[in-house]
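Below: sequence and its predicted model.
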Amino acid sequence: MHFFSTFILASTTATLVIASPITGKRSAAVIPLPPRSDVHTGTTDRVFNPEAADRERARMRHKYKGVKFSPIAARDATIAKRSALNSTEPAPYDVHERRGSSGKVPLHDVFDSIDYLYYGPLSIGTPAQATTVDFDTGSSDLWLPLSSCTKCPGPTFKPTSSSTFKNSSTPFFIQYQDGSSATGKVATDKVTVAGLTVPKQVFGAVTKETGNFRDYPNAGLLGLGFQANAETRAAPFFINLVKAKSLASNVFSFYLARNGGKGSELCIGGANSAKYTGSIRYYHIDPSATGGTQYYWNIPSNGFSYNGGPPTGSFSAVIDSGTTLIYIPAAAAKALYAKIPGAKTAPASVGDGYYTYPCNSKLGPIELSFSGHKYAVNPADFNLGAVSSGSSTCVGGIVGEDIDDGIAIIGDEFMKNWYSVFDYDKKAVGFAKAK
């Protein structure tokens, strides 16, 4: 099944330059995105896809391996002290109110049973060559396949056609737990997203891909995390824009549609009030979870609750646009599902850490709490589908996974419900009810 979405640009400035700030007006750009293909939501006539779930989990585990998380006991005092920022603080630049100059570019959307991947356009080189990337808050590198990469998904980048491409001898390598890998060299070139340009962006120039990398609809990936988490150790694209002082607000924000629908977008340099209701409430990010170094957009959480009950266990929640589902500590997941009528441990064919529940259940609210404020997950997003065709038992979208002590990964399943704003200046993540 194929859908089409729209790319909207709201930009009032010229090309960005890293070396010195731009003296003209600052900019904001909006990139409507096609949903993540291959994840399952909603109705009981859909069937859980264990192969897709395994691929998704392997992606998630790769991103969070090798980072030393602090024991939760050592973070208790910090978590207790942190609270929501004042929600009446000045709002970020609003592209909805200031959309005087806008351009639209249609995006291709691949959807197959669940919202597995949201991706959008990027151009690289001189002259510019168009390609596509997964915009991922859970990682920090940009990597793209070169034209010499056989069997890589396209559009690939032809470096010999770019006058600004600079290669290096530094190796670039990433590998997922399922064995998928991407290999190449660290390089630099001019990179543009929605009219916002970094002339010398460091990226992984990939010449070989193996495994599931070749099955994705997007060509590459653009990480929106912090520099400390970059495999290349170079500043990520968004942070380079911040350093150039060229954004209207030093934020980016996501609106994610569900079930292959239109309207998903990434806004760089502002927020879009047409996509949410009410005000944005912010929460401090939590470097204490990673020994004082900020790798991710993670914020302290009181945990999940069911049907108005108390939370089942606190953790530091990484808000990750590059992960489909929700992964919480195994003990917290067990406690949550113990409160859902009819829920039980899933069979081995579904996968470790999953739980099932009766498809015809009228679920009570499943809510994630930050500083006492609760954020519900839509039952349609929580439901990953029936265990098998014709089954009356469905798979729940909150998975027990002990990544490290007191760490949870909060993916698109949550973000589809809440407009999510990532504020570099406040060092905070904010949420408002998505329309």
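That came through fine.

From here on, just use CA atoms for contacts and neighbour counts.
Noted.

could you pull out the helices for the stretch 201-350 of the chain?
For the stretch 201-350 of the chain, the helices defined by DSSP state H, counting those that start in this stretch occupy 237-243, 330-337.

Tell me which other helices or strands the shortest one touches.
Where contact means 3 or more C-alpha pairs under 8 Å, 6 or more residues apart in numbering; DSSP states H and E, helix 237-243 is packed against strand 196-210.

ok so, going back, can you list the helices of the stretch 201-350 of the chain in JSON lines and add mean neighbour count, mean pLDDT and distance to L384?
Formatted as JSON lines, the helices of the stretch 201-350 of the chain follow (neighbours: other C-alpha atoms under 10 Å; pLDDT from 0 to 100; distance: least, C-alpha to C-alpha, whole Å):
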{"stretch": "helix 237-243", "mean neighbour count": "21", "mean pLDDT": "96", "distance to L384": "32"}
{"stretch": "helix 330-337", "mean neighbour count": "20", "mean pLDDT": "97", "distance to L384": "15"}
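
These into a markdown table, with extra columns for distance to Y283?
Shown next, in a markdown table, are the helices of the stretch 201-350 of the chain (distance: least, C-alpha to C-alpha, whole Å):
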| stretch | distance to Y283 |
| --- | --- |
| helix 237-243 | 20 |
| helix 330-337 | 21 |
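
Distance of the spatially most central residue of the chain relative to S305?
Centroid-nearest residue in the chain, with C-alpha atoms, centre = their mean: S321, separated by 1.1 Å. Here the criterion is C-alpha to C-alpha, to the nearest Å. By it, S321 lies 22 Å from S305.

element containing T183, please.
strand 181-193 (DSSP states H and E).

ok, and what's touching that strand?
Contact partners of strand 181-193, identified using C-alpha atoms under 8 Å, 6 or more residues apart in numbering, comprise 121-126, 164-175, 197-211, 213, 232.

can you check stretch 392-400 too?
Taking C-alpha under 8 Å, 6+ apart as the rule, stretch 392-400 contacts 44, 48, 325-334, 346, 352-360, 381-387, 413.

Pull that stretch out as PDB, backbone CA atoms only.
Taking Å, rounded to 0.1, in the frame of the first residue of the first chain, the C-alpha atoms of stretch 392-400 are listed here in PDB:
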ATOM      1  CA  SER A 392      -8.700 -13.300  19.800                       C
ATOM      2  CA  THR A 393      -5.500 -12.600  21.600                       C
ATOM      3  CA  CYS A 394      -3.500  -9.400  20.800                       C
ATOM      4  CA  VAL A 395       0.100  -8.300  21.400                       C
ATOM      5  CA  GLY A 396       0.800  -5.200  23.600                       C
ATOM      6  CA  GLY A 397       3.100  -2.500  22.400                       C
ATOM      7  CA  ILE A 398       5.000  -2.000  25.700                       C
ATOM      8  CA  VAL A 399       7.800  -4.500  25.800                       C
ATOM      9  CA  GLY A 400       9.900  -5.600  28.800                       C
END
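
Just the buried positions in it, please.
S392, T393, C394, V395, G396, G397, I398, V399, G400 (16 or more other C-alpha atoms under 10 Å).

ok, those residues vs T290, which is closest?
Nearest to T290 among the buried residues of stretch 392-400, counting by C-alpha to C-alpha, is G400 at 20.5 Å.
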